[in-house]
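Enquirer: can't give you the sequence, but here's the structure:
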């Protein structure tokens, strides 16, 4: 039975039904790109298309690309301590609509991603899907149940077609962890966040839901307290309490 672990190794989430690497399900024809903000801090990851052989792809400032057609399934894995930092980042681009699912940690630990306890470094996934207007659904993406400083900062910022976010299961939000996370995601109308501490403190959720859909559903932990704002829960959204 697969489960994600917190930093002490305690099981936090039963994810037995999830058996995938980070996966893109392609919904059109075009390409998927792997891009670096800085030529001195590129990252090499592996990908395979439709269950075929694994190939290396190294990010470039202009973007290394993979050609795709409707129905393709692209999986990714790698061994990296981090994809980004406070001064650089590596990120996915696209020219075809796609859904993302699977374990995000598979691009940090190619073998141990299902039970990944060290969880990389601060800012590790910063900007990962930045301004990716072709990403439509991230509900199947599995994130660790812990956060590090800045780990998801601006990760989905500008993803204007994204409608559903991945479940955010961390009980505490670290400094800058969700900073501008969904800023500008004008189609986003569903978020589940189970944090009970670190909410809207130390820039943890600053403008994280700025510019999302005017109405939507926010699922929260019963013990949590959120402000009604773009740094909390948007005023036009319906609030639900997660079942224990």
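Expert: Cool, got the structure. These figures come from a predicted structure and were not determined experimentally.
Enquirer: Where do the strands of this structure begin and end?
Expert: Using DSSP state E, the strands of the chain run over 3-5, 11-14, 22-26, 30-36, 44-49, 55-58, 64-68, 73-77, 90-94, 98-103, 135-142, 190-193, 217-220, 238-241.
Enquirer: Now render the ones you listed as JSON lines, adding mean neighbour count.
Expert: Quick note: C-beta positions are derived from backbone N, CA and C, even for glycine. Below are the strands of the chain laid out as JSON lines (neighbours: other Cβ atoms under 10 Å):
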{"stretch": "strand 3-5", "mean neighbour count": "19"}
{"stretch": "strand 11-14", "mean neighbour count": "14"}
{"stretch": "strand 22-26", "mean neighbour count": "22"}
{"stretch": "strand 30-36", "mean neighbour count": "20"}
{"stretch": "strand 44-49", "mean neighbour count": "18"}
{"stretch": "strand 55-58", "mean neighbour count": "13"}
{"stretch": "strand 64-68", "mean neighbour count": "18"}
{"stretch": "strand 73-77", "mean neighbour count": "20"}
{"stretch": "strand 90-94", "mean neighbour count": "23"}
{"stretch": "strand 98-103", "mean neighbour count": "22"}
{"stretch": "strand 135-142", "mean neighbour count": "20"}
{"stretch": "strand 190-193", "mean neighbour count": "20"}
{"stretch": "strand 217-220", "mean neighbour count": "17"}
{"stretch": "strand 238-241", "mean neighbour count": "11"}
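Enquirer: Out of those strands, which gets nearest to residue 127?
Expert: Checking these against residue 127 by Cβ to Cβ gives strand 90-94 as the closest, at 5.0 Å.
Enquirer: what does that closest one rub up against?
Expert: Here strand 90-94 makes contact (Cβ atoms under 8 Å, 6 or more residues apart in numbering) with 24, 30-37, 41-43, 59, 63, 83-84, 127-130, 132, 134-135.
Enquirer: which non-adjacent residue is nearest the residue nearest the centre of the chain?
Expert: Closest to where the C-alpha atoms of the chain average out (Cα atoms, centre = their mean) is residue 155, at 6.2 Å. In space, residue 155 comes closest to residue 128 once its chain neighbours are excluded; the distance is 4.9 Å by Cβ to Cβ, 6 or more residues apart in numbering.
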